[in-house]
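[1] what follows is a predicted protein model with its sequence.
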Amino acid sequence: MTVTTAIERHHSELARAAAAAMQKHYQETIDISSDLLTSGIYEEMAGADAGRARQSRAETRLLLATAMHYNDAHYEDILRVLNAALDAPPQIQKDVYFTMAVLHVSFDHVEDARAAMEKALELMSELRDSDVLNPEEKSALAAQEQEARQFLKELATTPGGTSVQ
């Protein structure tokens, strides 16, 4: 398989997994993502572009963890997948930390949720100030930053939360 074919397969399978998730077929999303992660496709991609392979693998892990969460998987298993997804560029890491914050709060780990969202905001700030993103991506990032700040504001009003500056 060529690198181009591997990348196309990644995109195709990830789109299929995302479509299944949007239809609330979370087990199918888990199966597709797991198959992708064990297929050897990312190792083939790494031969030509290690950074692209890391990013693609992290994207798949992020979708897998999200589907696991909706499918009522164990907290520790989901967290393990998300931690593995942190081996990615900042554009993906910010999403991983955002998802971690949601995971933590859904399991009543308020302080972990706060720390994860603060890390997501830190990465968002770095991305906003960099030349990595185009204007459309920066606009989407601004909306995500607003969501993250709202999350922290609401977290401050939950039992065990404290005032957020």
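    Good, I have the coordinates.

[2] alpha carbons only for contacts and neighbour counts from here, please
    OK.

[3] distance of residue 45 from residue 52?
    As judged by C-alpha to C-alpha, to the nearest Å, residue 45 and residue 52 stand 7 Å apart.

[4] of the two, which one has the most company?
    Between residue 45 and residue 52, residue 45 has the larger neighbour count (other C-alpha atoms under 10 Å), namely 24 against 16.

[5] mind listing the strands for this structure?
    Counting by DSSP state E, one finds no strands in the chain.

[6] to what extent is residue 77 buried, counted in neighbours?
    Per other C-alpha under 10 Å, the neighbour tally for residue 77 reads 13.

[7] and the gap between it and residue 135?
    Distance of residue 77 to residue 135, given as C-alpha to C-alpha: 36 Å.

[8] and what of residue 25?
    For residue 25, the distance to residue 135 - C-alpha to C-alpha - is 34 Å.

[9] and if you look at residue 13?
    Using C-alpha to C-alpha, residue 13 is found at 28 Å from residue 135.

[10] could you do residue 31 as well?
    Residue 31 sits 35 Å away from residue 135, going by C-alpha to C-alpha.

[11] which of those two has more neighbours?
    Set residue 31 next to residue 135 and count neighbours by other C-alpha under 10 Å: residue 31 wins out with 14 against 11.

[12] domain parsing of the chain, as residue ranges.
    Domain ranges of the chain: 1-74, 89-158, per automatic domain parsing.

[13] TSV for the ones you listed, including distance to residue 82 and mean pLDDT?
    Conversion of the domains of the chain to TSV gives the following (distance: least, C-alpha to C-alpha, whole Å; pLDDT from 0 to 100):
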stretch	distance to residue 82	mean pLDDT
domain 1-74	6	95
domain 89-158	6	93
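
[14] tell me which of those domains approaches residue 83 most closely.
    domain 89-158 (8.1 Å; C-alpha to C-alpha).
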